[in-house]
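*Asks:* I would like the atomic coordinates for the input below:
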Amino acid sequence: MGCYEDDGDRILPHEEINNNIAMTVDMCRNHCTQKGYSFYGLEDGQQCFCGNVIKSGYLKVSDNQCDRTCTGDPTKTCGGSWRIAIYQVV
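*Replies:* Residues are numbered from 1 along each chain as shown. All right, here's what the predicted structure looks like:
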């Protein structure tokens, strides 16, 4: 879906998990899918958020702002500082 600005109210407000050692895109997707959510997002290299809608009012930004490597897979990116890379479960 792209890279979005985020804040404390959270663009995807459900099921936050934090893993500062082993977060991966697959870990986040699997977590959110198992909980029945339609979207998942990664932020700051180690955070995962889930939701069924992307809240309005958040700016979509350039994908290069979501450039923080995932703590569990340095070959992938997992958002950025207050930037969330959002994916849709398909």
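
*Asks:* just checking: what are the partner strands of the helix or strand of the chain with the lowest mean pLDDT?
*Replies:* Sorting the helices and strands of the chain by mean pLDDT, DSSP states H and E puts strand 14-18 at the bottom, at a mean of 91. Partners of strand 14-18 in the sheet, by DSSP bridges, are strand 47-51 (antiparallel).

*Asks:* contacting residues around the partner strand?
*Replies:* By CB atoms under 8 Å, 6 or more residues apart in numbering, the surrounding residues in contact with strand 47-51 are 10-19, 23, 27-28, 31-32, 35, 37-43, 78-79, 84. To be clear about C-beta, it is placed using only N, CA and C from the backbone, and glycine gets the same treatment.

*Asks:* of the residues you listed, buried ones?
*Replies:* 10-12, 15, 19, 23, 27-28, 31-32, 37, 39-43, 78-79, 84 (16 or more other CB atoms under 10 Å).

*Asks:* list the contacts of the residue of the chain most remote from its centre.
*Replies:* For the chain, the C-alpha farthest from the mean C-alpha position belongs to Gly57; by CA atoms, centre = their mean, that distance is 17.0 Å. Applying CB under 8 Å, 6+ apart to Gly57 gives no contacts.

*Asks:* just confirm it is within a strand.
*Replies:* No. The assignment for Gly57 (DSSP: H, G, I helix; E, B strand; the rest coil) gives coil, which keeps it out of a strand.
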